[in-house]
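Would you be able to build a 3D model of this:
(one chain, ligands or ions: 1)
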Amino acid sequence: MTPPEPLHFLITAGPTREPIDPVRFISNRSSGKMGYAIAEAAARAGHTVDLVSGPVTIAAPSQPGIRLVAVESTRQMYEAVAERLGAADVAIMAAAVADYRPVSVSPQKIKKSKQQDWVLHLEKTEDILGSAREPLGFGGLLVGFAAETENVEAHARDKLVRKRCDVIVANDVSQPGIGFDSDTNEICLYHADGSAEALPRGAKSALARDLVRIIEGLARDRMRVPAS
Ligand code: PMT
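Just a heads-up that it's a prediction; the model follows:
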């Protein structure tokens, strides 16, 4: 029997940075480990990967078949994803993307003033995952992540529907030792058909392997069924 054709994955990873001035930015604690582990697992399974990554300090993936695209801001990540989504069979958005950015970026370092408070005016960023179906027209298997600290299932299911995903991978980032910047995680997959499957706590590399196996199966099933 001939082996199945490899799939093309687009994966986002790491944080985004939204500049305030030349030395300050808004960001978060994402290390990129989860997204990079998924990229490595997909490549190890024989697939090709575009890995769109925010700024991280972990090593670039060593596995052949991964093309690393380095970005900083949400706008840059959106543009990199928009450019590559059309070629992807599967998109997995594991990046921790800033929801807001400063309305204006000071060209000079902002000086401390005599005022005791400083109000930063923020505006919404592009919702990359939420734009994948419309306006970006992605017809492949769409997998989002949900990083939650309360009502995990309800919030994850809400994101699944709102962002028109096939699967949402939820992690409870209030739990010590998992989620942001750790080597382990504990995830639950919520599927568009209402079903759920929990993957118990383990190394991100092992979870990524299981996740890629499940996602690959779903993507191949979807390719066998003509789109309605
Ligand atoms: O990087 P690590 O240190 O390994 O940590 C892994 C992780 C905790 C970052 C990862 O497992 C994870 O949960 N990633 C999603 C983090 C997140 O910001 O989730 P969210 O619930 O805020 O966003 C929901 C989904 O929308 C995510 O797929 C996110 O990539 C996407 N999103 C969010 C906002 C935005 N403007 N554009 C987006 O595409």
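
Could you report the neighbour count for Asn185?
Asn185: 26 surrounding residues under other Cβ atoms under 10 Å. C-betas here are computed from N, CA, C, even on glycine.

Can you tell me which residues in the chain are near the ligand?
12, 14, 30-34, 74, 93-97, 99, 125, 127-129, 144-147, 159, 171, 173, 179-181 (Cβ under 6 Å from any ligand atom).

In helices, which of the residues you listed appear?
Lys33, Met34, Thr74, Ile128, Leu129, Lys159 (DSSP state H).

quick revisit: just the buried members of the residues of the chain next to the ligand?
By neighbour count, with 16 or more other Cβ atoms under 10 Å, the residues of the chain next to the ligand hold 12, 14, 30-34, 74, 93-97, 125, 128-129, 144-147, 159, 171, 173, 179-180 as buried.

Can you list which of those are found in strands?
Judged by DSSP state E, those include Thr12, Met93, Gly144, Phe145, Ala146, Ala147, Asn171 as members of strands.

With pLDDT as extra columns, can I get these in TSV?
Below are those laid out as TSV (pLDDT from 0 to 100):
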residue	pLDDT
Thr12	99
Met93	98
Gly144	98
Phe145	98
Ala146	98
Ala147	97
Asn171	97
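
As TSV, those with distance to Glu83 would be great.
Formatted as TSV, these follow (distance: Cβ to Cβ, whole Å):
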residue	distance to Glu83
Thr12	13
Met93	15
Gly144	19
Phe145	21
Ala146	25
Ala147	25
Asn171	28
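
what about the longest helix along the chain, average pLDDT?
Counting residues, the longest helix found in the chain (DSSP H) is helix 204-224. Mean pLDDT, helix 204-224: 96.

buried set for that helix?
Neighbour-count burial for helix 204-224, counted by 16+ other Cβ under 10 Å, picks out 204-212, 214-216, 218-219, 222.

Pull out the C-alpha coordinates of that helix and format them as PDB.
The C-alpha atoms that make up helix 204-224 are tabulated as PDB, following Å, rounded to 0.1, in the frame of the first residue of the first chain:
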ATOM      1  CA  LYS A 204       4.500  18.900  25.700                       C
ATOM      2  CA  SER A 205       6.500  16.700  23.200                       C
ATOM      3  CA  ALA A 206       4.300  13.700  24.000                       C
ATOM      4  CA  LEU A 207       1.000  15.600  23.900                       C
ATOM      5  CA  ALA A 208       2.100  17.200  20.600                       C
ATOM      6  CA  ARG A 209       2.600  13.700  19.200                       C
ATOM      7  CA  ASP A 210      -0.900  12.600  20.300                       C
ATOM      8  CA  LEU A 211      -2.400  15.800  19.100                       C
ATOM      9  CA  VAL A 212      -0.800  15.500  15.600                       C
ATOM     10  CA  ARG A 213      -2.000  11.900  15.300                       C
ATOM     11  CA  ILE A 214      -5.600  13.000  16.100                       C
ATOM     12  CA  ILE A 215      -5.500  16.100  13.900                       C
ATOM     13  CA  GLU A 216      -4.000  14.200  11.000                       C
ATOM     14  CA  GLY A 217      -6.900  11.600  11.200                       C
ATOM     15  CA  LEU A 218      -9.500  14.400  11.200                       C
ATOM     16  CA  ALA A 219      -7.800  16.200   8.300                       C
ATOM     17  CA  ARG A 220      -7.700  13.100   6.200                       C
ATOM     18  CA  ASP A 221     -11.400  12.300   7.000                       C
ATOM     19  CA  ARG A 222     -12.300  15.800   6.000                       C
ATOM     20  CA  MET A 223     -10.500  15.500   2.700                       C
ATOM     21  CA  ARG A 224     -12.400  12.300   1.900                       C
END
